[in-house]
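[1] Take a look and give me a structure for this.
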Amino acid sequence: MTVMLERLRQLDAARKRGDLTDAQYADARSKLLSMVEDAEVEPAGPRARGAAAAKAARPRPRPAATSSARRAAPMVAPQSDPAESHDMSFFWGLILVGLCAAGLMTFLIGRLIGDITIALTLAVTVFAAVVIAAFQRMQN
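    Below you'll find the model as predicted:
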């Protein structure tokens, strides 16, 4: 990767010195960047590991070299995974239950200690901690 960055810097310097025209620079840069392989990032988690193993078993087609061929390729809409929509509906249901619990906790603590502002502060703090824990769980 360092070699590629150095070559790109050399191309930029040559263009700034006037050794290369803009067309020659664009052509050389596109050739240089076409040699770089696309990196695949594998998400962590048990479901993602199974999908990554299945993806690794398939051969990956090489993208077209010219930018005009890339522009002419039709865009395909990504298929939504039913498991992901279920996870999100579960998440929003959890948020709704959490909001109801925060409201109930605010009311009960307010009645217990007699100060609604302290009760609201405590409820918001606890609710924020629950939301952060839910987001961390969702990312894992």
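[2] For this protein, which segments count as strands?
    Using DSSP state E, no strands are found in the chain.
[3] Where in it is the helix or strand with the lowest mean pLDDT?
    Counting by mean pLDDT, DSSP states H and E, the chain has its least confident helix or strand at helix 67-72, which shows a mean of 49.
[4] Which helix runs longest in this protein?
    Ranked by number of residues, the top helix in the chain under DSSP state H is helix 82-113.
[5] Only the buried residues of that one, if you could.
    The neighbour-count check on helix 82-113 (16 or more other C-beta atoms under 10 Å) flags 102, 105-106, 109-110 as buried. All C-beta atoms are positioned from the backbone trio N, CA, C, and that covers glycine.
[6] where along this protein do the helices fall?
    Under DSSP H, the chain gives helices at 2-17, 22-34, 46-57, 67-72, 82-113, 116-139.
[7] Mean pLDDT lowest where, among these?
    Among these, helix 67-72 has the lowest mean pLDDT, at a mean of 49.
[8] domains in this structure, as residue ranges please.
    Following automatic domain parsing, one finds the domains of the chain at 1-38, 86-139.
[9] how close does residue 132 sit to residue 125?
    Applying C-beta to C-beta, to the nearest Å, the value for residue 132 to residue 125 is 11 Å.
[10] what's the answer for residue 140, then?
    Taking C-beta to C-beta, one finds residue 140 at 23 Å from residue 125.
[11] With neighbour numbers in mind, choose between those two.
    residue 125 (11 against 7; other C-beta atoms under 10 Å).
[12] And for the residue nearest to residue 98 when sequence neighbours are not counted, the neighbour number?
    Leaving out its chain neighbours, the residue that sits closest to residue 98 by C-beta to C-beta, 6 or more residues apart in numbering is residue 130, at 5.5 Å. Residues contacting residue 130 under the criterion other C-beta under 10 Å number 16.
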